[in-house]
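# Provided below are the primary sequence and the corresponding predicted coordinates.
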Amino acid sequence: MDFEEIYNAYFQDVYRFLRGLSLNEDVAEELTQEVFFKALHSIRKFRGDCDIRVWLCQIAKNSYFTYLKKQRRVTKDTDWNTVMFEESDIEHMLVDKELAFQIHQKLHELSEPYKEVFSLRVFGELSFKQIGLLFGKSEHWACVTYHRAKQKLQKEMEGMV
């Protein structure tokens, strides 16, 4: 399979993965392009011991966390107590180990199914469809449950940063 075929076959998967992480279409689009640029330059290193989609999503995840770290440096001097939380603030906080531990503490206190759905989505990197199947529910149910869990965590975290 040549690189153009790989790009055409997996572009949408990588884009959706990054959109799920970032919750921002512009960021997802920019990072997807970056992922394929990195993949093009390192395709010779791909050993084939996993599905190419998994390899591309690993590059995507690393690119996303690099993006988050850069964003944190840009906003380091911001007074966080005066900032309203954005959708992706939980992901931003996970980059910081101390805040990540606090998030895990709050996550542990969440009731089910919120705790498990959030963990499966963020840490297990499962799609909403896969999460819905695990619970015997719809993809929409998984998406709504995840976003409610995220809102609960954000509310709990507001006073902690």
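Yep, that arrived.

# And the spatially most central residue of the chain, how far from Leu31?
Centrality entry for the chain: nearest residue to the mean C-alpha point is Leu21, 2.5 Å, by CA atoms, centre = their mean. Shown here: Leu21 relative to Leu31, a distance of 9 Å by CB to CB, to the nearest Å. Using the backbone N, CA and C atoms, a C-beta is placed for each residue, glycine as well.

# tally of neighbours for the closest residue to Val117 other than its chain neighbours?
Leaving aside its sequence neighbours, Val117 sits nearest to Thr145 (CB to CB, 6 or more residues apart in numbering; 4.5 Å). Residues lying near Thr145 (other CB atoms under 10 Å) number 22.

# Relative to Ala28, how far out is Thr145?
Thr145 is 22 Å from Ala28, by CB to CB.

# cool, and Lys137?
Taken as CB to CB, the span from Lys137 to Ala28 is 26 Å.

# and if you look at Leu107?
From Leu107 to Ala28 the distance is 24 Å (CB to CB).

# Give me the spatial nearest neighbour of Lys106, chain neighbours excluded.
Glu156 (4.5 Å).

# Secondary structure class of the one you found, three-state.
The assignment at Glu156 comes out as helix when based on DSSP: H, G, I helix; E, B strand; the rest coil.

# my guess is it contacts His108, does it?
No - using CB atoms under 8 Å, Glu156 makes no contact with His108, being 11.2 Å away.

# Tell me which of these two has more neighbours.
When neighbours are counted by other CB under 10 Å, Glu156 and His108 differ, and Glu156 comes out ahead with 16 against 9.

# out of Lys137 and Ala28, which sits in the busier spot?
For Lys137 and Ala28, the more surrounded residue by other CB under 10 Å is Ala28, and the numbers stand at 21 against 16.

# could you give me the average pLDDT of the helix or strand where the residue nearest to Val117 lies?
Using DSSP states H and E, Thr145 maps to helix 139-157. In this model, helix 139-157 has an average pLDDT of 86.

# after the host helix or strand of Phe118 comes which helix or strand?
Following DSSP H and E, the helix or strand that holds Phe118 is helix 114-122. Using DSSP H and E, the helix or strand that follows helix 114-122 in sequence is helix 128-135.

# Only the buried residues of that next one, if you could.
Phe128, Ile131, Gly132 (16 or more other CB atoms under 10 Å).

# any idea how far stretch 106-126 is from the chain center?
13 Å (CA atoms, centre = their mean, to the nearest Å).

# Flag every buried residue along it.
106-107, 110, 113-122, 126.
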